[in-house]
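In: I need the structure of the sequence given here:
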Amino acid sequence: MYTIAYNSFADFIMLCMRHELLVVSLPKPHGNIAGCWYNGYPIHKGLSEHSLNMATLYAHQNGIIPDQQKLVAEYEYFIDTLKKNGFTLHVLPFPDALNTEASLDHDAVFIRDAGLAYRQYWIKARFSCKERAAEADIFAPIIAEKFKKEIIELPKDAFLETGESIYVESREGTFYFGGIARSNKLGHEAVMDVIRPDHSVLVESEGYHLDTVLAPVISGDNTLKALLVNESIINAASLAELRKLGIELIPVDVGDSSGTASDLGTYAINMISAPGILIGSSRFSTPGIEELFEKWGISHIVTPLSYFRYAGGSAHCLTNEI
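Out: Residues are numbered from 1 along each chain as shown. Predicted coordinates:
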């Protein structure tokens, strides 16, 4: 359990809203389809060589096929963990249009990447990874109808996969961090035209999505305490821009991030970050990080997601704020 101090009723409402999440149910087995990634993990790449999903490459090279019973059990435990820790979940059915033998080269359970909700808007993603393009098209009208959102389409030549978008509303103001790997500057500028953040930094890295190399840590009073960063694969100029914010940057070992082509990381950094609580798939092996969470009164809850890790995602990828 954790305690959050509210200075006003408005603070209370804002923090409650931030605990409202979208998730997608797992694809149902039928016919020759045996479940999620039942025939292996597709290898995806976006705008550049740096945008290659190394986890799926690792899975492919090592012949990893998910154990469907374990995958389902871990997913159900993850969902139960979110509910037990105060998150309100909106579960979207896995789209039938993507659950066919002709349309399996996707990662549609990772609803994080399909768009970004802000007030009455749904900013629809445009995937630079062509194999995933249908996900944005399919989820946008479902979300628009269910939540009465106005869909915002990106301008021509803009790309945005919203695992590359990290938005934080804190006592210090609003922050937008945008990854430049499978997204581009035009895509992030379109988002910022809508949300008008107080502070923004575009981050170039060799991580295929920003949320595999960077995570905010927020204390119970809604203070942005720090950013966890995998410095080894973030561009030096981008790190310099992050430091200008005056927020503590805490380096994490590459093993707590995406890892390398030959040594897959745990994706511990791919966490759900809410005031006073972090939910992820692994403890951090980087010395001192778990002790900092304890010092700041932040609860770090672990829910294993081993077969999602081989797809290059974890707790953050499986959820989206609404």
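
In: Quick check: which ranges of this protein have low pLDDT?
Out: 1-18, 49 (pLDDT under 70).

In: in the longest helix along it, what's buried?
Out: Once the chain is assigned using DSSP state H, the helix that runs over the most residues is helix 68-84. Neighbour counts over helix 68-84 (16 or more other C-beta atoms under 10 Å) mark 68, 71-72, 74-75, 78-79, 81-82 as buried. For every residue, glycine as well, the C-beta is placed using N, CA and C.

In: likewise stretch 238-255?
Out: Buried, per 16+ other C-beta under 10 Å, within stretch 238-255: 238-239, 242, 245, 247, 250, 252-255.

In: Ok, stretch 146-155 next?
Out: So for stretch 146-155, counting by 16+ other C-beta under 10 Å, buried means 149, 152, 154.

In: Name the nearest of the residues you listed relative to Leu52.
Out: Nearest to Leu52 among those is Leu154, at 22.8 Å by C-beta to C-beta.

In: I'd say the closest one and Gly187 touch.
Out: Yes: with contact defined as C-beta atoms under 8 Å, Leu154 reaches Gly187; the gap is 5.9 Å.

In: Show the secondary-structure elements that the longest helix of the chain is packed against.
Out: Here helix 68-84 touches strand 20-24, strand 88-92, helix 306-309, going by 3 or more C-beta pairs under 8 Å, 6 or more residues apart in numbering; DSSP states H and E.

In: Restricted to strands, list the buried residues of stretch 146-155.
Out: Ile152 (DSSP state E).

In: would you turn the buried residues of stretch 146-155 into a markdown table with distance to Ser165?
Out: Compiled in a markdown table, the buried residues of stretch 146-155 are given as follows (distance: C-beta to C-beta, whole Å):
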| residue | distance to Ser165 |
| --- | --- |
| Lys149 | 16 |
| Ile152 | 13 |
| Leu154 | 12 |
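
In: Give me the contact list for the longest helix of the chain.
Out: 21, 23, 26, 29, 34-38, 89, 91, 272, 279, 301, 303-308, 315, 318-319 (C-beta atoms under 8 Å, 6 or more residues apart in numbering).

In: Show me which of these are buried.
Out: Buried, going by 16+ other C-beta under 10 Å: 21, 23, 26, 35-37, 272, 279, 301, 303-308, 315, 318-319, out of the contacts of helix 68-84.

In: Run the chain-centre distance for the biggest strand by length in the chain.
Out: Using DSSP E, we find that the single longest strand of the chain is strand 173-180. Centroid separation for strand 173-180 versus its chain: 13 Å, with C-alpha atoms, centre = their mean, to the nearest Å.

In: next one: stretch 109-120
Out: On C-alpha atoms, centre = their mean, the centre of stretch 109-120 falls 10 Å from that of its chain.

In: Please apply the same query to stretch 98-114.
Out: Worked out by C-alpha atoms, centre = their mean, stretch 98-114 lies 16 Å from the chain centre.

In: What residues of it count as buried?
Out: Buried-residue list, stretch 98-114, by 16+ other C-beta under 10 Å: 98-99, 104, 106-114.

In: again, but for stretch 256-265
Out: Quick answer for stretch 256-265 (16+ other C-beta under 10 Å): 256-259, 264-265.

In: Let's have these in a markdown table, adding distance to Gly220 and secondary structure.
Out: Shown next, in a markdown table, are those (distance: C-beta to C-beta, whole Å; DSSP: H, G, I helix; E, B strand; the rest coil):
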| residue | distance to Gly220 | secondary structure |
| --- | --- | --- |
| Asp256 | 23 | helix |
| Ser257 | 25 | coil |
| Ser258 | 29 | coil |
| Gly259 | 31 | strand |
| Leu264 | 33 | strand |
| Gly265 | 28 | coil |
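
In: could you show me where the helices are in the stretch 151-300 of the chain, in order?
Out: Counting by DSSP state H, counting those that start in this stretch, the stretch 151-300 of the chain has helices at residues 185-195, 236-243, 289-295.

In: Quickly note the distance from Ala237 to Phe127.
Out: Distance of Ala237 to Phe127, computed by C-beta to C-beta, to the nearest Å: 26 Å.

In: More neighbours: which of the two?
Out: Using other C-beta atoms under 10 Å, the more surrounded residue of Ala237 and Phe127 is Phe127, with 23 against 10.

In: and the more buried one, what is it in contact with?
Out: 46, 113, 133, 135-136, 159, 161, 182.

In: what's the span of stretch 126-137, first residue to last?
Out: One end of stretch 126-137 sits 9 Å from the other (C-alpha to C-alpha, to the nearest Å).

In: in it, what counts as buried?
Out: In stretch 126-137, counting by 16+ other C-beta under 10 Å, buried: 126-129, 131-132, 134-136.

In: secondary structure element for the closest residue to Gly312 other than its chain neighbours?
Out: Spatially, and ignoring its direct neighbours in sequence, Gly312 is nearest to Ala55 (3.7 Å; C-beta to C-beta, 6 or more residues apart in numbering). Per DSSP states H and E: Ala55 is located in helix 54-61.
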